[in-house]
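Engineer: predicted structure and sequence below. I'll ask about it afterward.
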Amino acid sequence: DIEHSKSQREYTPEGYMRVGGRASRVGLQTYRAGELEGMDNYDEDELLSVMRTPEEVFSEESLASFKDKDITLEHPKDLIDCKTYKDCSVGHCCSEGRRDGDYVVVDLLIKDKDAIKAIEDGKVNLSAGYTADFEEKQGTYKGEPFSHLQKDIYINHVAVVDNPRAGDEAKIFDSKGMPMFFKKKVSVLDEESATKIQDAF
């Protein structure tokens with residue numbers, strides 16, 4: 001089990017925020033076919049239910065890929081690399097991912113003052129941006145059907161967002177180390193796609 005007391009919000013002498021949070025989870029997640037490579041036989045707006053198995057989400061390689069990855073305020077338009085990180089990074093992940101039930105927890109260092117203010121004002125949900133392979137395979141999870149399996153998940157960044165694909169439990173911990181409760185690539189990297197998925201539900 002994760003000791004949440006180790007993930008409480010702290011502030012460094014520079015004003016940076018140190019905090020842990022749930023960044024991703026196992027289970028079903030919905031994607032537009034147009035977001036994924038190799039889905040030419042689907043209409044790009046067709047919604048696909050994809051299974052993220054514990055074996056893939058908690059694989060040693062995938063958990064290790066969180067370390068030193070950038071944190072962003074909302075998802076950037078493209079995956080981050082050495083040419084683009086200065087334009088969108090507000091901090092970085094300072095640990096590998098680790099399992100907490102069905103979730104992956106990671107330690108974050110938020111350095112940008114506007115991002116810190118946004119978190120303090122209630123923008124606390126997290127969403128991982130990543131690359132992955134998708135295998136067509138029919139099945140069910142907790143009684144719900146899926147059409148694809150997600151494989152070889154490699155983290156590119158972690159975004160602080162309003163509407164995480166992984167659900168409202170994917171969020172930054174509060175000052176007591178427990179999740180805060182607010183109403184309210186591949187990974188979805190644009191707001192239009194996320195809105196279409198939310199509207200479909």
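Structural biologist: Received it, and whenever you're ready, just let me know what you need.
Engineer: could you look up the SS state of Ile119?
Structural biologist: helix (DSSP: H, G, I helix; E, B strand; the rest coil).
Engineer: so it touches Ile172, yeah?
Structural biologist: Yes - contact criterion Cβ atoms under 8 Å: Ile119 and Ile172 qualify, at 6.1 Å. Heads up, the C-betas are built off the backbone N, CA and C, glycines and all.
Engineer: now for the two: what residues contact both?
Structural biologist: Val19, Val160 (Cβ atoms under 8 Å, 6 or more residues apart in numbering).
Engineer: any idea what the residue nearest to Tyr85 when sequence neighbours are not counted is bridged to?
Structural biologist: Leaving aside its sequence neighbours, Tyr85 sits nearest to Asp70 (Cβ to Cβ, 6 or more residues apart in numbering; 5.4 Å). Residues in a beta bridge with Asp70, per DSSP bridges, are His92, His157.
Engineer: any idea how far Asp70 lies from Ser127?
Structural biologist: Distance from Asp70 to Ser127, counting by Cβ to Cβ, to the nearest Å: 13 Å.
Engineer: one more: Glu10?
Structural biologist: From Glu10 to Ser127 the distance is 23 Å (Cβ to Cβ).
Engineer: same thing with Pro54?
Structural biologist: On the measure of Cβ to Cβ, Pro54 and Ser127 end up 19 Å apart.
Engineer: give me the more crowded residue out of those two.
Structural biologist: More crowded of Pro54 and Ser127, by other Cβ atoms under 10 Å: Ser127, with 26 against 12.
Engineer: any stretches of the chain with poor pLDDT?
Structural biologist: Scanning the chain for pLDDT under 70 picks out 1-7, 175-201.
Engineer: how about a cut-off of 90?
Structural biologist: 1-8, 31-42, 44, 163-168, 174-201 (pLDDT under 90).
Engineer: that one: strands as residue ranges?
Structural biologist: Ranges of strands within the chain are 10-11, 17-25, 27-32, 47-52, 70-73, 89-93, 98-100, 103-110, 125-141, 144-161, based on DSSP state E.
Engineer: what are the C-alpha coordinates of the second one, in PDB please?
Structural biologist: The C-alpha coordinates for strand 17-25 follow below in PDB (Å, rounded to 0.1, in the frame of the first residue of the first chain):
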ATOM      1  CA  MET A  17       5.100  22.400  -4.900                       C
ATOM      2  CA  ARG A  18       6.000  18.800  -4.100                       C
ATOM      3  CA  VAL A  19       3.000  16.500  -4.200                       C
ATOM      4  CA  GLY A  20       1.900  13.000  -5.200                       C
ATOM      5  CA  GLY A  21      -1.100  12.000  -7.200                       C
ATOM      6  CA  ARG A  22      -2.900   9.300  -9.100                       C
ATOM      7  CA  ALA A  23      -1.900   9.600 -12.800                       C
ATOM      8  CA  SER A  24      -3.500   6.600 -14.500                       C
ATOM      9  CA  ARG A  25      -5.400   3.400 -13.900                       C
END
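Engineer: what helices or strands is it leaning on?
Structural biologist: When contacts are defined as 3 or more Cβ pairs under 8 Å, 6 or more residues apart in numbering; DSSP states H and E, strand 17-25 packs onto strand 10-11, strand 103-110, helix 113-120, strand 125-141.
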